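Engineer: predicted model and sequence below, questions to follow.
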Amino acid sequence: MAPEVEQELARKLKWSTVEAVPGFPTSDFHTLKRMSESGELSIGVDYTAANQLAHSIFGSGYSLTIGLLQWTPFLVAIASIPMAFVLRSFWVIAGSPLALFAMFFANPMNPAKGFATLTGLTAVLAAVWFAAQGSVVLAFVPVAYALPFWVIRFVYFWNASKLRVAALQSETLLLFLLQNRSIYVRNQRTGATFWAPAELGGA
């Protein structure tokens, strides 16, 4: 994270240290890092917030890479139309809505996350099976769903993982995420989860 970005975040903070956060589970930032490294505590990041914040926090190169990956559903949806003519089957056009549905189902915050993951796995298996049978047309349709689904799911996890690591390196970023209720701290032994107080959170 660039120093100027960290300075910009610092200007938005209501707390200057984690000690100032009401009810925070550790005495200071270094203790949080130590307990996280030992596995006593874990840090969780809101996936949707991670997707929104990653673009502005990690620089233009990272933002461009993520942005291109996030275009996958739209590119597949558009490609499905000419592919229907190339493969001479209008079944292939079904790939357009499937690619867009995949974009929404891939969100890990989806209440039906388990079912969505099952659909993604099923689509991969169906694509492999149809391809093995020599049916390019039938293989294309599940690919049109599976490819966007797993790319977008990867983007969510990648952003959250990168933000989680960065938050343990920068107290300023951790405080900003706490303030916006985009990150939580979990006690691995008791299962207790700490979010910043709702009445104090928010930008």
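Structural biologist: It's in.
Engineer: show me which positions of stretch 78-95 end up buried.
Structural biologist: 79-80, 83-84, 89, 92-95 (16 or more other Cβ atoms under 10 Å). Where C-beta positions appear, they are placed from N, C-alpha and C, glycine not excepted.
Engineer: so what touches that stretch?
Structural biologist: 76-77, 96, 99, 136-138, 140-141, 143-145 (Cβ atoms under 8 Å, 6 or more residues apart in numbering).
Engineer: to which secondary structure element is the residue nearest to the spatial centre of the chain assigned?
Structural biologist: Centrality entry for the chain: nearest residue to the mean C-alpha point is Y156, 1.6 Å, by Cα atoms, centre = their mean. Taking DSSP states H and E as the criterion, Y156 maps to helix 136-167.
Engineer: after that helix, which helix or strand is next? Please name it.
Structural biologist: By DSSP H and E, the next helix or strand past helix 136-167 is helix 171-179.
Engineer: CA-only coordinates of that next one in CSV, if you can.
Structural biologist: This file holds the C-alpha atoms of helix 171-179, laid out as CSV (Å, rounded to 0.1, in the frame of the first residue of the first chain):
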residue,chain,number,x,y,z
GLU,A,171,-2.6,-0.3,11.8
THR,A,172,-4.0,2.6,9.8
LEU,A,173,-5.6,0.3,7.3
LEU,A,174,-6.9,-2.0,10.0
LEU,A,175,-8.5,0.9,11.8
PHE,A,176,-10.1,2.2,8.6
LEU,A,177,-11.6,-1.3,7.9
LEU,A,178,-12.8,-1.6,11.6
GLN,A,179,-14.4,1.9,11.4
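Engineer: what is that helix packed up against?
Structural biologist: helix 3-10, helix 29-38, helix 47-57, helix 136-167 (3 or more Cβ pairs under 8 Å, 6 or more residues apart in numbering; DSSP states H and E).
Engineer: between helix 47-57 and the last one, find me the angle.
Structural biologist: If I follow you right, that is helix 136-167. Interaxial angle, helix 136-167 versus helix 47-57 (axes from the mean of the first three to the mean of the last three Cα atoms, to 10 degrees): 70 degrees.
Engineer: what angle separates helix 136-167 from helix 29-38?
Structural biologist: On the basis of the same axes, to 10 degrees, helix 136-167 is oriented at 140 degrees to helix 29-38.
Engineer: tell me how far helix 136-167 is from the chain's mean position?
Structural biologist: 9 Å (Cα atoms, centre = their mean, to the nearest Å).
Engineer: same thing with the first one?
Structural biologist: Chain-centre distance of helix 3-10: 22 Å, with Cα atoms, centre = their mean.
Engineer: again, but for stretch 57-66
Structural biologist: The answer for stretch 57-66 is 14 Å, by Cα atoms, centre = their mean.
Engineer: which positions in that stretch come out as buried?
Structural biologist: 57-58, 66.
Engineer: can these go into TSV with extra columns for distance to A116?
Structural biologist: Formatted as TSV, the entries for the buried residues of stretch 57-66 read as follows, by distance: Cβ to Cβ, whole Å:
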residue	distance to A116
I57	27
F58	26
I66	21
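Engineer: among the residues you listed, which one sits closest to K113?
Structural biologist: Minimum distance to K113 across those is 20.8 Å, recorded for I66 (Cβ to Cβ).
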